[in-house]
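Engineer: Okay, here's the prediction I keep looking at, along with the sequence it came from:
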Amino acid sequence: MSLFRLLLLSPLLLLIGCAHTDGDLKLTTELGTAPTNGLRTAPPVSQEALQPRPVPPPVVKDDVSPIPTIDLTTQPDDLWQRMRNGFSMPDLDSPLVADRQAWYLNRPDLLKRIFERSRRYLYHIVVELEKRGMPTELALLPVVESSFNPLAYSSARALGMWQFIPSTGKTYKLQQNAWFDERRDIVASTSAALDYLQTIYEMHGDWHLALASYNWGENAVGRAVAKNQAKGLPTDYRSLKMPAETAYYVPKLQAIKNIVAEPQLFGIALDPIPNRPYFATVERNGRMDIALAAQLAEISVEEFIALNPAYSRPVMPSAADNPLVLPAEKLQTYLDNLEEHEAQDKPLTAWLTHTLKKGEKLETVAKRHGINLARLKQLNGINARTRVGPGFALLVPGKDAIGQDSIAARLPQTPASPPRATKWKKGKTAGKSTSRSKKGAAKAKIRKPAPKPKKR
């Protein structure tokens, strides 16, 4: 081809090439790709994809086991655990605590009897402590005082589960007469004891000193504190000079607390106590025989007296307005049987009152009512110190009296003379111990009366 013809065809070839290129671009745009010199290019990237992605924090693995928690919003099934949840008294760090722990742990049968006896009363005490915001380990104080025996009687004439002497009992409105003694009453004595403990805690501002006061007397503790203050010495429980019994008193409670807190640590098996009321109360109108009340509740006389230990006679007098204390599961049984009993117009007492006439002898009265003289005296609490003369009111059985002999043998009696006190020694049971003498009385030392309780 000539050069001239080639020059004429060049513009035409150039136009044809451009047309092919536009077509390729249009096609590749529709397909999402745009070839460039035979190479493929990536699709366009959005602005969102260009933003930096957050880097997740590193995961730290903790091999330590979680700390166990206590759910205080739901009450446990076991009363022991409920009590443990309320432990709030400072622990006492003293070698005497280990000494008392060993003493109790070497007597597993004694511990078992005490804890078994406590089953009737612990729920009520724990609930009362919680109402007042008091440490629940105080519910274990009757272990130290009386081994949870509401009939315990000491050399200082201290009586009942909480061991009140007569004067302190009167200060705290516990009635005491020949018919009944509220120092033995479960409900009344517990209320009085907690009032007393609150009073002496407010006095000292320290639970260990309050407990020392409960045992030794708040005035004695106050003097011991003042003496240490004057010498510039510490005034805590361990630093005070006090009798041996008081020095071991709080350690005994701490030892029992430790055993209850972790019984498995000491090889002790605590039988669970249901976290529900053991007993209920019901009002009583007028005189009623103890044996009849037990019969209507369909429980034994022993169980009735264990819950109503204040009464000293076979008849509960109308003057004592204390409610009856019955097993919670027997309350409705008692009410149903009482309604049926009254519907039949039967009396609530079959015992009679005989007033001694001038010149009349007890032997004569006993013979007339078919009872021996010793039993007549026992039923009326007559001892060597009782003045018996004209006008003296005697309780004698009527023809329908139930189990007069058996009831007389089981009724709580307060001896004319308290048992002889024994000197407390290290390693021995405290003077106010729960060991019984031949006369059946626990031994204890004198506790001075408390001041009048504050109005609450």
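Structural biologist: Nice, thanks for sending it over.

Engineer: Secondary structure element holding the residue nearest the centre of the chain?
Structural biologist: Among the residues of the chain, residue 126 comes closest to the average C-alpha position under Cα atoms, centre = their mean, at 2.7 Å. Taking DSSP states H and E as the definition, one finds residue 126 inside helix 122-132.

Engineer: Now that helix: average pLDDT?
Structural biologist: Average pLDDT, helix 122-132: 98.

Engineer: what's the domain layout of the chain?
Structural biologist: Taking automatic domain parsing as the domain assignment, the ranges for the chain are 79-266, 351-399.

Engineer: before we move on, back to that, which ones are touching the nearest residue to the residue nearest to the centre of the chain once chain neighbours are set aside?
Structural biologist: Spatial nearest neighbour of residue 126, excluding adjacent residues (Cβ to Cβ, 6 or more residues apart in numbering): residue 139 at 5.0 Å. The way it works is simple: take the backbone N, C-alpha and C, and place the C-beta from them, glycine included. Residue 139 makes contact with 83, 122, 125-126, 129 under the criterion Cβ atoms under 8 Å, 6 or more residues apart in numbering.

Engineer: Now those residues in TSV, please, with extra columns for distance to residue 287.
Structural biologist: Formatted as TSV, those follow (distance: Cβ to Cβ, whole Å):
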residue	distance to residue 287
83	38
122	31
125	30
126	33
129	34
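
Engineer: wait, which of those residues is closest to residue 193?
Structural biologist: Distances from those to residue 193 were compared by Cβ to Cβ; the smallest belongs to residue 125, at 8.9 Å.

Engineer: gap between that closest one and residue 111?
Structural biologist: Here residue 125 is placed at a distance of 18 Å from residue 111 (Cβ to Cβ, to the nearest Å).

Engineer: With residue 285 instead?
Structural biologist: Per Cβ to Cβ, residue 285 is found 41 Å from residue 111.

Engineer: more neighbours, the two?
Structural biologist: residue 111 (21 against 8; other Cβ atoms under 10 Å).

Engineer: burial measure for the nearest residue to residue 225 once chain neighbours are set aside, as a count.
Structural biologist: Nearest-residue entry for residue 225: residue 235, 4.7 Å, with adjacent residues in sequence omitted and distances by Cβ to Cβ, 6+ apart. Applying other Cβ under 10 Å, we find 16 residues neighbouring residue 235.

Engineer: what kind of secondary structure is residue 235 in?
Structural biologist: Three-state call for residue 235 (DSSP: H, G, I helix; E, B strand; the rest coil): coil.

Engineer: I'd say it and residue 228 touch.
Structural biologist: Yes - in terms of Cβ atoms under 8 Å, residue 235 counts as a neighbour of residue 228; the distance is 4.9 Å.

Engineer: Quick check: which element contains residue 375?
Structural biologist: Short version, using DSSP H and E: residue 375 is in helix 373-379.

Engineer: elements contacting that helix?
Structural biologist: For helix 373-379, the packing partners by 3 or more Cβ pairs under 8 Å, 6 or more residues apart in numbering; DSSP states H and E come out as helix 362-368, strand 393-397, helix 404-410.

Engineer: let's see it at 7 Å
Structural biologist: Contacts defined by 3 or more Cβ pairs under 7 Å, 6 or more residues apart in numbering; DSSP states H and E place helix 373-379 against helix 362-368, helix 404-410.

Engineer: quick one, which of the ones you listed is nearest to residue 312?
Structural biologist: Closest to residue 312 of those, according to Cβ to Cβ: helix 404-410, at 11.0 Å.

Engineer: taking the mean pLDDT, what do you get for the closest one?
Structural biologist: Helix 404-410 comes out at a mean pLDDT of 76.

Engineer: ok, now stretch 325-332?
Structural biologist: Averaged across stretch 325-332, pLDDT comes to 98.

Engineer: again with stretch 385-399
Structural biologist: 89.

Engineer: distance between the ends of it?
Structural biologist: This stretch, stretch 385-399, spans 30 Å end to end (Cα to Cα, to the nearest Å).

Engineer: Just the buried residues of it, please?
Structural biologist: Neighbour-count burial for stretch 385-399 flags 392, 394-397 (criterion: 16 or more other Cβ atoms under 10 Å).

Engineer: likewise stretch 208-225?
Structural biologist: The neighbour-count criterion (16+ other Cβ under 10 Å) identifies 208-218, 220-221, 224-225 as the buried residues of stretch 208-225.

Engineer: Select from the residues you listed every entry located in helices.
Structural biologist: The helices, defined by DSSP state H, take in 208-216, 218, 220-221, 224-225 from those.

Engineer: Just give me the closest of those residues to residue 304.
Structural biologist: The closest of these, once distances to residue 304 are taken by Cβ to Cβ, is residue 214, at 29.7 Å.

Engineer: Is that closest one in contact with residue 197, as I believe?
Structural biologist: Yes - the criterion here is Cβ atoms under 7 Å, and residue 214 meets it with residue 197 at 6.5 Å.

Engineer: so where is this structure shaky, pLDDT-wise?
Structural biologist: 1-73, 405, 415-417, 419-456 (pLDDT under 70).

Engineer: before we move on, back to that, please save the CA atoms from the helix holding residue 375 in PDB.
Structural biologist: C-alpha atoms of helix 373-379 as PDB (Å, rounded to 0.1, in the frame of the first residue of the first chain):
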ATOM      1  CA  LEU A 373     -49.300 -37.000 154.300                       C
ATOM      2  CA  ALA A 374     -46.100 -36.800 152.200                       C
ATOM      3  CA  ARG A 375     -48.000 -36.500 149.000                       C
ATOM      4  CA  LEU A 376     -50.300 -33.800 150.400                       C
ATOM      5  CA  LYS A 377     -47.200 -31.800 151.400                       C
ATOM      6  CA  GLN A 378     -45.500 -32.300 148.000                       C
ATOM      7  CA  LEU A 379     -48.600 -31.200 146.100                       C
END
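
Engineer: which residues touch that helix?
Structural biologist: 313-314, 362-363, 365-366, 395, 405, 408 (Cβ atoms under 7 Å, 6 or more residues apart in numbering).

Engineer: Selecting buried members of these in PyMOL, what would you type?
Structural biologist: Isolation of the buried members of the contacts of helix 373-379 (16+ other Cβ under 10 Å) is achieved in PyMOL through the command below:
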select buried, resi 313+314+362+365+366+395+408
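
Engineer: Adding distance to residue 340, write the contacts of helix 373-379 out as JSON lines.
Structural biologist: What follows is the contacts of helix 373-379, written out as JSON lines (distance: Cβ to Cβ, whole Å):
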{"residue": "313", "distance to residue 340": "26"}
{"residue": "314", "distance to residue 340": "22"}
{"residue": "362", "distance to residue 340": "38"}
{"residue": "363", "distance to residue 340": "40"}
{"residue": "365", "distance to residue 340": "34"}
{"residue": "366", "distance to residue 340": "34"}
{"residue": "395", "distance to residue 340": "27"}
{"residue": "405", "distance to residue 340": "27"}
{"residue": "408", "distance to residue 340": "28"}
